[in-house]
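Colleague: Mind folding the following:
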Amino acid sequence: MARSRTSPTQQRLLRRLQQLTPGQIVRFTDFEQLGLSAPSVASALNRLTRTGQVQRVAKGRYRVAPTGRFGPVPPSEQQVLESLLQAPATGGLDYPTGAAIFNRLGLTTQVPREIEIATPRPKPARQIGTVRVRYVRNSGAGRPEEVALRQLLDALRRIKRVPDARPAKLIVQLREKVRKLPLADKRRLVALALTYNPATRALLGALLEQIGEQALTPALRQSLNPLTIYRLGLSAADLPNRDLWRIQ
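Modeller: Residues are numbered from 1 along each chain as shown. Next up, the predicted model:
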């Protein structure tokens, strides 16, 4: 049987993939800079996939899989994230959230089996290699420097639902993280919190008050209904000023 010949287009695509970090995932559109037509790129990638030289990990995403002792090494969580988290032309910025990020923040020891991505435009869950990706609704981050602050707010919003963690312990950890922020970031955190649910705004207000940043709390307090009670599983011992923010 005659061996299939690698075309010049295929060779160019392979060289491009081999220049990347081993196993890095690229999108179909990343090949546009090579000056090749979309049909020729699609055809070449299909042939390279059939011959096993290139791995298709999801629709429109490819990689050269590094080989380990037990065969091709699956893409890592970080490689999957890098392939997904790219700002669209509209300027919005999806960002990772959920248990995987809470684990990185030291809030939980549980290692999740999926990645959550916050986005203003939720999509169906998908599988990329061995990593499951789930999209959750959020307003999205306008700028990269907002991402870490939104992840803190997401932890506050989900304080009762962080895996393997008690609200009483989390409130101490999150208070310290907020305390260590520069003043400019604390102000930005308040501005971002105004786009979150009332319970998150109340909890942030209580934390800021505890660390002596009362000057930052008026906007949060004014945004709240004075008759609403927020049941977050926190005692007076956990959050001494909880009654001032109608938190329980």
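
Colleague: alpha carbons only for contacts and neighbour counts from here, please
Modeller: Fine.

Colleague: For the helix or strand bottoming out on mean pLDDT in the chain, which outside residues touch it?
Modeller: Least confident helix or strand, the chain: helix 77-84 with a mean of 74, by mean pLDDT, DSSP states H and E. Contacting residues not belonging to helix 77-84 are listed as 23-27, 61, 96, 115, 128, 131 [Cα atoms under 8 Å, 6 or more residues apart in numbering].

Colleague: where does the chain dip in pLDDT?
Modeller: Along the chain, the model assigns pLDDT under 70 to residues 1-5, 86-92.

Colleague: so what are the domain limits for it?
Modeller: Per the record, the chain has its domains at 8-72, 74-147, 166-248, by automatic domain parsing.

Colleague: Which members of the contacts of helix 77-84 occur in strands, if any?
Modeller: 26-27, 61, 96, 115, 128, 131 (DSSP state E).

Colleague: Go ahead and produce PDB holding the CA coordinates of the least confident helix or strand of the chain.
Modeller: Listed next in PDB are the C-alpha coordinates belonging to helix 77-84 (Å, rounded to 0.1, in the frame of the first residue of the first chain):
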ATOM      1  CA  GLU A  77      -6.700  21.800  32.400                       C
ATOM      2  CA  GLN A  78      -4.400  24.800  31.800                       C
ATOM      3  CA  GLN A  79      -4.100  24.000  28.100                       C
ATOM      4  CA  VAL A  80      -7.900  23.700  27.800                       C
ATOM      5  CA  LEU A  81      -8.400  27.000  29.600                       C
ATOM      6  CA  GLU A  82      -5.800  28.800  27.400                       C
ATOM      7  CA  SER A  83      -7.700  27.600  24.300                       C
ATOM      8  CA  LEU A  84     -11.000  28.800  25.600                       C
END
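
Colleague: Tell me the buried residues in that helix?
Modeller: Across helix 77-84, burial judged by 16 or more other Cα atoms under 10 Å covers 77, 79-81, 84.

Colleague: which stretches of this structure form strands?
Modeller: Listed in chain order, the strands found in the chain under DSSP E are 26-27, 55-58, 61-63, 67-68, 71-72, 95-97, 114-119, 126-128, 131-137.

Colleague: Tell me the strands beside the fourth one, with direction?
Modeller: It refers to strand 67-68. In the sheet containing strand 67-68, the strands it pairs with under DSSP bridges are strand 71-72 (antiparallel).

Colleague: Other residues contacting the partner strand?
Modeller: Applying Cα under 8 Å, 6+ apart, the contact partners of strand 71-72 are 65-66.

Colleague: tell me how far that strand is from the chain's mean position?
Modeller: Remark: strand 71-72 is offset 28 Å from the chain centroid, using Cα atoms, centre = their mean, to the nearest Å.

Colleague: Could you tell me how many residues sit around Q127?
Modeller: Counted by other Cα atoms under 10 Å, the residues lying close to Q127 total 14.
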